[in-house]
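K.L.:
Quick check, what structure comes out for this input:
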Amino acid sequence: MLYAMRAAMRLGVGDAAQALSERVWEVQNCIRHFGRRFGRASVGSILLVKGLEFDHSVIVHQATMTNKDWYVALTRASKTIRVLAPSQLLIPHKRQGDRQPLKTIL
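P.N.:
As a prediction, the model looks like this:
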(Lines give C-alpha, C1' and ligand atoms only; values in the text may rest on other atoms or scores of the structure.)
Protein backbone atom coordinates (compact mmCIF):
# COMPACT_ATOMS: atom_id res chain seq x y z
CA MET A 1 0.00 0.00 0.00
CA LEU A 2 2.87 2.37 0.79
CA TYR A 3 4.37 1.72 -2.65
CA ALA A 4 1.02 2.45 -4.31
CA MET A 5 0.62 5.64 -2.29
CA ARG A 6 4.12 6.89 -3.19
CA ALA A 7 3.63 6.01 -6.86
CA ALA A 8 0.24 7.74 -6.89
CA MET A 9 1.73 10.89 -5.38
CA ARG A 10 4.44 10.97 -8.07
CA LEU A 11 1.85 10.24 -10.76
CA GLY A 12 -0.38 13.12 -9.72
CA VAL A 13 2.22 15.88 -9.32
CA GLY A 14 0.69 19.01 -10.83
CA ASP A 15 -2.76 17.42 -11.22
CA ALA A 16 -4.84 18.85 -8.38
CA ALA A 17 -8.12 17.91 -10.09
CA GLN A 18 -7.68 14.16 -9.48
CA ALA A 19 -8.05 12.88 -5.91
CA LEU A 20 -5.21 10.91 -4.33
CA SER A 21 -7.54 7.95 -3.76
CA GLU A 22 -8.27 7.81 -7.50
CA ARG A 23 -4.55 7.84 -8.32
CA VAL A 24 -3.89 5.05 -5.78
CA TRP A 25 -6.68 3.00 -7.41
CA GLU A 26 -5.04 3.51 -10.82
CA VAL A 27 -1.64 2.35 -9.53
CA GLN A 28 -3.10 -0.74 -7.83
CA ASN A 29 -5.11 -1.57 -10.94
CA CYS A 30 -1.92 -1.45 -13.06
CA ILE A 31 -0.18 -3.75 -10.56
CA ARG A 32 -3.08 -6.22 -10.83
CA HIS A 33 -2.89 -6.25 -14.64
CA PHE A 34 0.87 -6.27 -15.12
CA GLY A 35 2.02 -7.95 -11.91
CA ARG A 36 4.62 -6.93 -9.39
CA ARG A 37 8.25 -6.63 -10.35
CA PHE A 38 10.78 -8.57 -8.35
CA GLY A 39 14.52 -8.17 -8.32
CA ARG A 40 16.95 -10.96 -9.08
CA ALA A 41 16.67 -12.10 -5.47
CA SER A 42 13.71 -11.49 -3.18
CA VAL A 43 13.01 -12.41 0.42
CA GLY A 44 9.47 -12.88 1.63
CA SER A 45 7.32 -14.70 4.13
CA ILE A 46 5.05 -17.57 3.14
CA LEU A 47 2.07 -15.24 3.29
CA LEU A 48 3.70 -12.72 0.93
CA VAL A 49 4.69 -15.27 -1.72
CA LYS A 50 1.38 -17.14 -1.71
CA GLY A 51 0.05 -17.22 -5.28
CA LEU A 52 3.39 -16.28 -6.85
CA GLU A 53 5.89 -18.39 -8.78
CA PHE A 54 9.67 -18.17 -8.89
CA ASP A 55 12.30 -20.01 -10.93
CA HIS A 56 14.30 -20.90 -7.83
CA SER A 57 13.27 -21.04 -4.20
CA VAL A 58 15.08 -21.42 -0.88
CA ILE A 59 13.01 -22.38 2.16
CA VAL A 60 14.39 -21.82 5.65
CA HIS A 61 12.86 -24.27 8.13
CA GLN A 62 10.88 -22.72 10.97
CA ALA A 63 9.59 -24.83 13.87
CA THR A 64 6.15 -23.20 13.56
CA MET A 65 5.49 -24.16 9.90
CA THR A 66 2.25 -26.12 9.45
CA ASN A 67 1.25 -28.50 6.63
CA LYS A 68 -0.37 -25.55 4.82
CA ASP A 69 2.77 -23.43 5.19
CA TRP A 70 4.93 -26.26 3.81
CA TYR A 71 2.54 -26.74 0.88
CA VAL A 72 2.70 -23.06 -0.08
CA ALA A 73 6.47 -22.90 0.38
CA LEU A 74 7.19 -26.08 -1.58
CA THR A 75 4.98 -25.16 -4.54
CA ARG A 76 6.48 -21.71 -5.33
CA ALA A 77 9.50 -22.87 -7.38
CA SER A 78 9.23 -23.84 -11.04
CA LYS A 79 12.83 -25.05 -11.57
CA THR A 80 14.76 -25.68 -8.36
CA ILE A 81 14.07 -25.74 -4.66
CA ARG A 82 16.38 -25.93 -1.65
CA VAL A 83 15.29 -26.51 1.95
CA LEU A 84 17.57 -25.37 4.76
CA ALA A 85 16.69 -27.41 7.83
CA PRO A 86 18.47 -28.88 10.87
CA SER A 87 17.58 -32.44 9.82
CA GLN A 88 16.27 -34.40 6.83
CA LEU A 89 13.01 -35.19 8.65
CA LEU A 90 10.53 -32.30 8.69
CA ILE A 91 7.62 -32.52 11.12
CA PRO A 92 5.02 -29.77 10.64
CA HIS A 93 3.88 -27.81 13.67
CA LYS A 94 0.30 -28.48 14.81
CA ARG A 95 -1.56 -25.30 15.64
CA GLN A 96 -4.34 -25.33 18.17
CA GLY A 97 -7.64 -26.02 16.41
CA ASP A 98 -6.14 -27.98 13.49
CA ARG A 99 -8.26 -31.05 12.80
CA GLN A 100 -5.96 -32.97 10.50
CA PRO A 101 -3.38 -35.32 12.03
CA LEU A 102 0.26 -34.43 11.58
CA LYS A 103 1.98 -35.94 8.57
CA THR A 104 5.73 -36.21 8.29
CA ILE A 105 7.25 -34.61 5.21
CA LEU A 106 10.21 -36.50 3.77
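K.L.:
The chain: helices as residue ranges?
P.N.:
Under the criterion DSSP state H, the chain carries helices at the ranges 2-11, 20-34, 46-49, 67-74.
K.L.:
Confidence-wise, which of these is weakest overall?
P.N.:
Among the helices of the chain, helix 2-11 carries the lowest mean pLDDT, at a mean of 69.
K.L.:
hang on, the earlier thing: format the helices of the chain as a markdown table; extra columns: distance to Val83 and mean neighbour count.
P.N.:
Every residue, glycine included, has its C-beta placed from N, CA and C. What follows is those, written out as a markdown table (distance: least, Cβ to Cβ, whole Å; neighbours: other Cβ atoms under 10 Å):
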| stretch | distance to Val83 | mean neighbour count |
| --- | --- | --- |
| helix 2-11 | 30 | 14 |
| helix 20-34 | 30 | 13 |
| helix 46-49 | 13 | 13 |
| helix 67-74 | 8 | 17 |
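K.L.:
want to throw those into CSV with distance to Pro86?
P.N.:
Converted to CSV, the helices of the chain look like this (distance: least, Cβ to Cβ, whole Å):
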stretch, distance to Pro86
helix 2-11, 35
helix 20-34, 38
helix 46-49, 19
helix 67-74, 15
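K.L.:
out of these, nearest to Thr80?
P.N.:
Nearest of those to Thr80, taken as Cβ to Cβ: helix 67-74 at 12.1 Å.
K.L.:
any idea how the protein splits into domains?
P.N.:
1-37, 40-106 (automatic domain parsing).
K.L.:
so which of the helices of the chain gets nearest Lys94?
P.N.:
Short answer: helix 67-74, nearest of those by Cβ to Cβ, at 8.8 Å.
K.L.:
helices and strands around that closest one, which ones?
P.N.:
With contacts taken as 3 or more Cβ pairs under 8 Å, 6 or more residues apart in numbering; DSSP states H and E, helix 67-74 sits against helix 46-49, strand 54-60.
K.L.:
With distance to Met9 as extra columns, can I get the ones you listed in CSV?
P.N.:
Shown next, in CSV, are those (distance: least, Cβ to Cβ, whole Å):
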stretch, distance to Met9
helix 46-49, 24
strand 54-60, 30
